[in-house]
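A.B. asks: Fold the following.
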Amino acid sequence: MVVRGIGGRGVVAAASYEARRFGVRSAMPMRRALELCPQAICIPPRMQHYRQVSRQVFAIFHEFTPLVQGLSLDEAYLDVTASRLLKGDSVAIAKAIKSRIREVTGLTASVGVAPNRLVAKIASDVNKPDGLTIVTPDEVLAFLDPLSVRRLPGLGRKTGQKVEAAGIHTLGELRRASDAVLWPIFGRHTPRIRERAAGIDERPVTPDWEEKSLSAEETFDTDIADPARLHAELARLADRSCARLRAKRLVAGCVTVKIRRHDFATFTRQRSFAPHSNESRVVANLAHVLLDEWLRSQPGARLRLLGVGVSDLAPAEQLDLFEVPGRTPSTPLDEAIDRIRERFGQDAVRRASSIRR
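C.D. replies: Alright, predicted model coming up:
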């Protein structure tokens, strides 16, 4: 089974373990996924349902510790050091969390128990689905050394290829490799890479980790050159980004528009603004200006992708500090639209500016 994006140019959002055996993976173009696994059952994503279940899962995490650092809808770091007196040792806590998730949601969970974030992350990935992998401090090297270098979080596909081309295939080999081999690949980051291959990670679990930016983008089924259609798509993407801001009770002070031409050349245009806002109208208006400026320099350009991002984020509680006298806020309208969509679905109500003509 494959969860796919909408349209002919969609990408794989998630793949079942059965589909993964055929080489299907997240972010793969759907056409390629269906070439590898033509019998795959493709279903559209249900983001509203995913978010609801994610809230249930994170509520369970908080039953065991306040130190929860979310990585995505379904993944988080938990520091249970201070919970062990009340909840039992780390393994008992891990088993209890798995049991509670199954009880509340009906889902399985894979858990890694280890001395630090890095090793716990790797451990959680090696025995899916429904795994429980325990790595004690004195077992870290024995656990990591045989693993593929591709298991190291943050080591991208292209860098992984370079590492393997240098004759390094396991984390143990990476840990023991000389500077002469690693420096041409990693440069000044070589010592840090060697530490990570050895499972050394001093980063704490930070539950109040601050997001730096939010964005929404879409790859079109067919290239679009009509400026009116592009602006309608842009308005819809700006609305999505701002809805996420409001859901997280954040405001932004910078807008970025991402533009990808039919030939895959990619451009970004960015502008700061004041006061900070999470109003769809404010962000969309600035995004329209940025797109118009780019289109004037690229008349007739056909686009395959547009995106709208917001950054320079701050808590929405500070919004009053940024208000401008005489300005009429549209936030009540935004919040009403958000509530309607939460209850009836994302397509229940649309802004006129985002309707494709």
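A.B. asks: how far away is Ala284 from Lys212?
C.D. replies: 21 Å (Cβ to Cβ, to the nearest Å). C-betas here are computed from N, CA, C, even on glycine.
A.B. asks: repeat for Val205
C.D. replies: 18 Å.
A.B. asks: Give me the more crowded residue out of these two.
C.D. replies: Neighbours around Val205 and Lys212, counted as other Cβ atoms under 10 Å, are more numerous at Val205. The numbers are 18 against 8.
A.B. asks: Just give me how far stretch 233-253 sits from the chain centre.
C.D. replies: Here stretch 233-253 is found 16 Å from its chain centre; the criterion is Cα atoms, centre = their mean, to the nearest Å.
A.B. asks: Just the pLDDT for Gln48.
C.D. replies: Listed pLDDT for Gln48 reads 81.
A.B. asks: show me where the stretch 101-250 of the chain has strands.
C.D. replies: 111-113, 132-134, 213-224, 250-261 (DSSP state E, counting those that start in this stretch).
A.B. asks: Redo those as JSON lines? Include distance to Lys162, mean pLDDT and mean neighbour count.
C.D. replies: Formatted as JSON lines, the strands of the stretch 101-250 of the chain follow (distance: least, Cβ to Cβ, whole Å; pLDDT from 0 to 100; neighbours: other Cβ atoms under 10 Å):
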{"stretch": "strand 111-113", "distance to Lys162": "27", "mean pLDDT": "97", "mean neighbour count": "21"}
{"stretch": "strand 132-134", "distance to Lys162": "28", "mean pLDDT": "97", "mean neighbour count": "17"}
{"stretch": "strand 213-224", "distance to Lys162": "28", "mean pLDDT": "90", "mean neighbour count": "16"}
{"stretch": "strand 250-261", "distance to Lys162": "26", "mean pLDDT": "94", "mean neighbour count": "21"}
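A.B. asks: Packing partners of the one helix or strand Val91 maps to?
C.D. replies: Element membership of Val91, judged by DSSP states H and E, is helix 90-105. If you count contacts as 3 or more Cβ pairs under 8 Å, 6 or more residues apart in numbering; DSSP states H and E, helix 90-105 packs onto helix 47-64, helix 84-87, strand 111-113, strand 132-134.
A.B. asks: average pLDDT for it?
C.D. replies: Rounded mean pLDDT across helix 90-105 is 96.
A.B. asks: Please write out the alpha-carbon positions of that helix in PDB.
C.D. replies: The C-alpha atoms that make up helix 90-105 are tabulated as PDB, following Å, rounded to 0.1, in the frame of the first residue of the first chain:
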ATOM      1  CA  SER A  90      13.700   2.700  30.700                       C
ATOM      2  CA  VAL A  91      12.800  -0.700  29.200                       C
ATOM      3  CA  ALA A  92       9.600  -0.900  31.400                       C
ATOM      4  CA  ILE A  93       8.700   2.600  30.300                       C
ATOM      5  CA  ALA A  94       9.300   1.700  26.600                       C
ATOM      6  CA  LYS A  95       7.100  -1.400  26.900                       C
ATOM      7  CA  ALA A  96       4.400   0.600  28.700                       C
ATOM      8  CA  ILE A  97       4.400   3.300  26.000                       C
ATOM      9  CA  LYS A  98       4.000   0.700  23.200                       C
ATOM     10  CA  SER A  99       1.200  -0.900  25.100                       C
ATOM     11  CA  ARG A 100      -0.600   2.400  25.600                       C
ATOM     12  CA  ILE A 101      -0.300   3.400  22.000                       C
ATOM     13  CA  ARG A 102      -1.800   0.100  20.900                       C
ATOM     14  CA  GLU A 103      -4.600   0.400  23.400                       C
ATOM     15  CA  VAL A 104      -5.500   4.000  22.500                       C
ATOM     16  CA  THR A 105      -4.900   4.000  18.700                       C
END
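A.B. asks: Can you pull out the residues in contact with it?
C.D. replies: Helix 90-105 has contacts (Cβ atoms under 8 Å, 6 or more residues apart in numbering) with 53, 56-57, 60-61, 63-64, 78, 80, 83-84, 87-88, 107-109, 111, 113, 130, 132, 134.
A.B. asks: mind checking how far it is from the chain centre?
C.D. replies: Between the centre of helix 90-105 and the centre of its chain there are 24 Å (Cα atoms, centre = their mean).
A.B. asks: domains for this protein, by residue range?
C.D. replies: Under the assignment automatic domain parsing, the domains of the chain span 2-43, 47-139, 213-354.
A.B. asks: This completes my enquiry, with thanks.
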